[in-house]
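Colleague: With the input below, show me the fold.
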Amino acid sequence: MPGTASETTAVAAPGEALRPLCVDLDGSLVKSDTLVDSLLQLLRTHPDLALILPGKLINGKAAFKAFVTTSVTLDAAHLPYNGPLLDFLRHEHARGRTIYLATGADQHLARRVADHLGIFTAVLASDGATNLTGNHKLESLRQRFGSAPFDYIGNDTPDLPLLAAATEAMVANPSLGLRMRLKARGIRPAQCFQDRKPFLRSVIRAVRVQQWAKNLLIFMPLVLSHAITTAKLLIALQAFFCFSLVASSAYLLNDLLDIEADRGHARKRLRPFAAGDLQGTTGVLIAALLLAVGMARAQFLPVGFSAWLIIYLITTVAYSLWLKRIALVDVLALSLLYILRLLAGSAATLTVISHWLAGFSMFLFLSLAIAKRFAELENLRASNAVPRNGRGYLVNDLEQLRSFGTASAYAAVVVFAIYITGPDVAKLYHSPQLLLLSLPLMILWLNRVWLLASRGQLDEDPVAFALTDGMSLLIGAAVLIVALLAL
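Modeller: Predicted coordinates for the structure are as follows:
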């Protein structure tokens, strides 16, 4: 199959410039399925409408598309366009070629895309009564062109009748099913506009394996109990993987619901779903699989672990749908998600969490959650942008958030200082006074996090920052050495 538009040079044949070029929208010009994207946005912004969606299908798919598309508004300027294909279309438009957007998407969305790009002669789309896909689309083109030839660009099996009827068939990010059927029919596409990251790499990015480091907190109750056994360590390891699979399913859900907001973000627009490298339906299937496997394996652990795992999942879903849009409640929810990891680890290994660890963790993770929001707002302020993710914060809230976050950070230090000078520590460490050396290290790291956040140099996730920052890793290693020397 030929390469991308950048690899293939189109040679103008006699009269080719006069032959109409028709291009599909979903999966072709746009790498994602706009109906799925609209449904996900509807679930996030109007979850009450989800209850009536099944009833809308009774009137047919075209009517269903019209209802969904008019209930939300996808931003045509930030859709994940197929770069090589868009460059080719703009080149053809500059040559004076007539280009038609022929799509099964609803006409309201199709016209917004056409108005934004400004390269289409006309739009042929579903109108609420006719679902313009497959043979219906071919019939519409025949009515417009008669027996005159046309070229067509598609991506999936519903486009097969049009590709077979086209004078010159071209494909964009073609599905495996389409490639197989084209080969069976002996149709060789003139051009292939490929613009999508490798599937496996995109899945790994979407699952956020690097975030599994947060789930190491599951081991913390066991480690701090100083009662580590091989059996309990293996149980904690199993709990770690169960929790990681369920957490990844929650990350997928969050990214799916945030597709529209992520596309307007300088960094998050590169996430697999926002960029169109993974389809929304694929994300739903992967999330369901991870959740099923994680919950199934959790049944082999103490029942308390499963209970905390379910509470974590409920909290995460509530955060994705509602809580993250409520100022201050969102950061409390984020810090709670960290605490739930500790509680899950405690339940899995049947290890009691001390009130000192609970208090220290609450203040520490609250500070980091606020730092995450502060960094987001600081980056917006630096770029003279306004918040558009519905998080409930204003740029003017920066100073107040700074005071909340730094106060919480020092509260964590105070709790830790009182703990290491108390009688409980003397029972666990031979030289507990050495633990005092960890205090300046902790203060250094927390102050550095907030200093970098104030300078706009902090990754918007402080935990992810700590895992990649050399100074943070060095400080962590020093704290570990101090703890070992105190044993």
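
Colleague: rest of the way, CA atoms for contacts and neighbours
Modeller: Noted.

Colleague: Need phi/psi at A122.
Modeller: Here is the backbone geometry of A122 (degrees, to the nearest 10): phi -160, psi 170.

Colleague: measure the closest residue to it other than its chain neighbours to V284 for me?
Modeller: In space, and not counting its chain neighbours, A122 is closest to Y100: 5.3 Å by CA to CA, 6 or more residues apart in numbering. Using CA to CA, to the nearest Å, Y100 is found at 32 Å from V284.

Colleague: Comparing those two, which residue is more hemmed in?
Modeller: When neighbours are counted by other CA atoms under 10 Å, Y100 and V284 differ, and Y100 comes out ahead with 20 against 14.

Colleague: how many neighbours does the residue lying closest to A426 once chain neighbours are set aside have?
Modeller: Ranked by CA to CA, 6+ apart and with sequence neighbours excluded, the top spatial neighbour of A426 is P432, at 6.0 Å. Neighbours of P432 under the rule other CA under 10 Å: 21.

Colleague: I figured P432 was touching V425, is that so?
Modeller: Yes - using CA atoms under 8 Å, P432 is in contact with V425, at 6.4 Å.

Colleague: SS state for the residue nearest to A122?
Modeller: strand (DSSP: H, G, I helix; E, B strand; the rest coil).

Colleague: So what sits opposite it in the bridge?
Modeller: With DSSP bridges as the criterion, Y100 is bridged to C22, A122.

Colleague: close enough to count as contact, it and F120?
Modeller: Yes - here Y100 lies in contact with F120, judged by CA under 8 Å, at a distance of 5.4 Å.

Colleague: Endpoints of stretch 162-169, how far apart?
Modeller: End-to-end for stretch 162-169, by CA to CA: 8 Å.

Colleague: what sits up against that stretch?
Modeller: 134-135, 137-138, 149-154, 170, 187-191 (CA atoms under 8 Å, 6 or more residues apart in numbering).

Colleague: which one of those residues sits closest to L178?
Modeller: Distance to L178, by CA to CA, is smallest for G154 among the contacts of stretch 162-169, at 9.3 Å.

Colleague: check contacts around the closest one.
Modeller: Contacts for G154 (CA under 8 Å, 6+ apart) come out as 23-24, 27-28, 163, 170-172, 174.

Colleague: try it again with 6 Å
Modeller: 24, 28, 171 (CA atoms under 6 Å, 6 or more residues apart in numbering).

Colleague: a markdown table for these, including neighbour count?
Modeller: Shown next, in a markdown table, are the contacts of G154 (neighbours: other CA atoms under 10 Å):
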| residue | neighbour count |
| --- | --- |
| D24 | 25 |
| S28 | 26 |
| V171 | 29 |
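
Colleague: from the residues you listed, which single one is nearest P272?
Modeller: S28 (16.5 Å).

Colleague: Relative to I52, how far out is that closest one?
Modeller: S28 is 30 Å from I52, by CA to CA.

Colleague: L85 now?
Modeller: For L85, the distance to I52 equals 37 Å [CA to CA].

Colleague: who has more neighbours, those two?
Modeller: L85 (26 against 9).

Colleague: how close does that one get to E399?
Modeller: From L85 over to E399 (counting by CA to CA), the distance is 46 Å.

Colleague: now do A190
Modeller: 58 Å.

Colleague: Neighbour count: these two, which is higher?
Modeller: Taking other CA under 10 Å, A190 and E399 do not tie; A190 has more neighbours (15 against 12).

Colleague: How about the contacts made by that one?
Modeller: Contacts of A190 by CA under 6 Å, 6+ apart are 169-170.

Colleague: do you know how far L43 is from I420?
Modeller: Distance from L43 to I420, by CA to CA: 48 Å.

Colleague: Compare those two (neighbour count), which wins?
Modeller: I420 (20 against 17).

Colleague: residues touching that one, list them.
Modeller: Counting by CA under 6 Å, 6+ apart, I420 touches no other residue.

Colleague: State the distance from it to L357.
Modeller: In terms of CA to CA, I420 sits 11 Å off from L357.

Colleague: which one of the contacts of stretch 162-169 is nearest L217?
Modeller: G154 (47.9 Å).

Colleague: Tell me how many other residues surround the nearest residue to L343 once chain neighbours are set aside.
Modeller: For L343, ignoring the flanking residues on the chain, the nearest one in space by CA to CA, 6+ apart is W308 at 6.9 Å. A count of nearby residues for W308, using other CA under 10 Å, gives 21.

Colleague: what does A347 give?
Modeller: Around A347 there are 24 residues (other CA under 10 Å).

Colleague: Please verify my assumption that it contacts F305.
Modeller: Yes - if you go by CA atoms under 6 Å, A347 and F305 touch, sitting 5.0 Å apart.

Colleague: Give the residue spans of the stretch 251-400 of the chain that score low on pLDDT.
Modeller: 385-391 (pLDDT under 70).

Colleague: Perfect, I'm done here.
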